[in-house]
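Novice: below is the sequence, then the predicted model.
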Amino acid sequence: MTTTQRPNWRFPVRFTTRATGLGAALVALLIPFAFHFDGLSAAGHRMLAIFLMAIVLWVTEAIPLHATAALIIALEILMVSDEAIIGLPADYIPLPFSSYFATLAHPVLMLFLGGFFLAEGASKFHLDRAMARVLLRPFGTSPRLIMLGLMLITAGFSMFMSNTATTATMMAVVLPVVAGLPPEDRLRVGFVLAIPIAANIGGIGTPVGTPPNAIAIGQLASAGIKVSFGKWVVMALPAALLLLLFAWLVLGRMFTSESRSIVVRIEESFDRSRPAVIFYVAFVVTVLLWLTEAVHGVSSNVVGFLPVVVLLSTQVFSARDLQSIQWHVLWLVAGGIALGLGVSSTGLDTWLIGLVSWDAIWPGLLTAAFAIIALGLSTVISNSAAANLLVPIGITLTTSGVVDINPLLVGFIIAIGASLAMALPISTPPNAIAYSSGMVKTRDMAMTGLIVAAIGLVLFLVASPLLWSALGVV
């Protein structure tokens, strides 16, 4: 059969999957209206309908994730706010519709927006590749040391840049090196896998590293618990660095090299133009202000907005650059915050918590269960969607006093669990980029991803709490 005669199965399959997801979402939306659940208010029934619909849409991705987030906000305004189109009981005091719209400008979104501006600027002025050229020099020509250098650089970039952009940049560095290795050399696979693994781990280290971090911080802020930029770094970075080291050892053991010496060539130099220099200064000052919040007292959310103002007002960023910002991620985070707001304001959270006898569950086991569920769910769906679904439940459970667990710990652990999911090509965009190179088999990715995730869970659930307790951060 020729290429022109080959039937296109992708569209029917995609259409069927989308139609099934939309149908399931509609059923989920109608269930709370068709059945009465004892102890759940009328507003709670409506919010349960929105909650179930969100679960189905985020799991099936029948519509884009950010579209689901927008739909959540719209339905909350129309169904449970003071502008609800169907009257609510007189004894229920709804939130004003402006509260749900306000989630689109939640302070944590300004923090993330600043991170996006820094990431876009780094790509625009090729700061990432220029830094990679300089930072790789000390690692010489040893294959294992070069792999370590690439992982450290990738993780470092991912702390402040999009994991996807970082992976794309570093893969452009790695693929020419891999192409020069013998076809049977297993180091080829190890190098390609090292980049997404390091990008996923690096994203754990800062609040702007990955959306689940922002989702957790936003939900904690809504519960009255402020997490500074520096506090998150202190909690996350030590274990993330250890995990990165373990991941390097695992890759070195699984993908041994037949080459004794390799050379990485990166033809890139620092841009010395006026706009580039302004960006460099804005980048350094922003990161320093984030890390020293405890000293100057300016919220990291406010600091995140400063590079936005500076880069736009100095015309370092044009309107076209502004269009390149990942606005859809901000909408996704806003949808998660809005979902948590609706769940708490309608009493749905209290009703859901009452369905389980939490007293019978040991707090340590419950925390581990949240992390494992987040890990498992994020392996097959977006880690942002998984965090949006689990973080509100976990934080509400702990702030209600039903279980004796620090809410900060639960929100943090769920975000980390979601970020540790890296076993499949569909788990994260960095994994998908690595898989698309054609040099990685699903078996290799699954094996390394599961091992790294297991080590990560042990570090964050067992070792890290000891450090946090010693430092007094939790």
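Specialist: Yep, that arrived.
Novice: contacts, neighbours, all on C-alpha from now
Specialist: Will do.
Novice: per the record, what domains does this structure have?
Specialist: Structurally, the chain divides into domains by automatic domain parsing as follows: 21-104, 126-270+423-471.
Novice: winner for burial among the ones you listed?
Specialist: Burial of the domains of the chain is given as mean neighbour count (mean count of other C-alpha atoms under 10 Å); domain 126-270+423-471 ranks first at a mean of 20.
Novice: and that one, how far apart are its ends?
Specialist: End-to-end span of domain 126-270+423-471 (C-alpha to C-alpha, to the nearest Å): 38 Å.
Novice: and that domain, how far out from the chain middle?
Specialist: Domain 126-270+423-471 sits 14 Å away from the centroid of its parent chain (C-alpha atoms, centre = their mean, to the nearest Å).
Novice: again, but for stretch 266-276
Specialist: Relative to the centre of its chain, stretch 266-276 is centred 30 Å away, using C-alpha atoms, centre = their mean.
Novice: pLDDT of it, averaged?
Specialist: Taken as a whole, stretch 266-276 has an average pLDDT of 85.
Novice: lowest average confidence, helix or strand, in the protein?
Specialist: Within the chain, no helix or strand scores below helix 10-34, which has a mean of 77 by mean pLDDT, DSSP states H and E.
Novice: which secondary structure elements does that one contact?
Specialist: With contacts taken as 3 or more C-alpha pairs under 8 Å, 6 or more residues apart in numbering; DSSP states H and E, helix 10-34 sits against helix 42-60.
Novice: tell me where the stretch 101-250 of the chain has helices.
Specialist: Assigned by DSSP state H, counting those that start in this stretch, the helices in the stretch 101-250 of the chain fall at 107-124, 127-136, 143-158, 163-179, 187-202, 211-222, 229-254.
Novice: compare the ones you listed and give me the one nearest residue 439.
Specialist: Closest to residue 439 of the helices of the stretch 101-250 of the chain is helix 187-202 (C-alpha to C-alpha; 6.1 Å).
Novice: got the angle for that closest one vs helix 143-158?
Specialist: Angle, helix 187-202 to helix 143-158, by axes from the mean of the first three to the mean of the last three C-alpha atoms, to 10 degrees: 30 degrees.
Novice: show me what helix 187-202 packs onto, helices and strands only.
Specialist: In terms of contacts (3+ C-alpha pairs under 8 Å, 6+ apart), helix 187-202 is packed against helix 143-158, helix 163-179, helix 229-254, helix 429-436.
Novice: kindly recompute the last result at 6 Å.
Specialist: With contacts taken as 3 or more C-alpha pairs under 6 Å, 6 or more residues apart in numbering; DSSP states H and E, helix 187-202 sits against helix 143-158.
Novice: and the helix it packs on, what does it pack onto?
Specialist: helix 187-202.
Novice: using PDB, list the CA coordinates for the helix it packs on.
Specialist: Provided in PDB are the C-alpha atoms of helix 187-202 (Å, rounded to 0.1, in the frame of the first residue of the first chain):
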ATOM      1  CA  LEU A 187      25.700   5.400  26.700                       C
ATOM      2  CA  ARG A 188      23.600   6.900  23.800                       C
ATOM      3  CA  VAL A 189      20.500   5.900  25.700                       C
ATOM      4  CA  GLY A 190      21.900   7.100  29.100                       C
ATOM      5  CA  PHE A 191      22.700  10.500  27.700                       C
ATOM      6  CA  VAL A 192      19.300  11.000  26.200                       C
ATOM      7  CA  LEU A 193      17.500   9.800  29.300                       C
ATOM      8  CA  ALA A 194      19.700  12.000  31.600                       C
ATOM      9  CA  ILE A 195      18.200  15.200  30.200                       C
ATOM     10  CA  PRO A 196      14.500  14.700  31.000                       C
ATOM     11  CA  ILE A 197      15.300  13.000  34.300                       C
ATOM     12  CA  ALA A 198      17.400  16.000  35.300                       C
ATOM     13  CA  ALA A 199      14.800  18.500  34.100                       C
ATOM     14  CA  ASN A 200      12.100  16.800  36.100                       C
ATOM     15  CA  ILE A 201      14.200  16.700  39.200                       C
ATOM     16  CA  GLY A 202      15.400  20.300  38.800                       C
END
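Novice: alright, that wraps it up for me.
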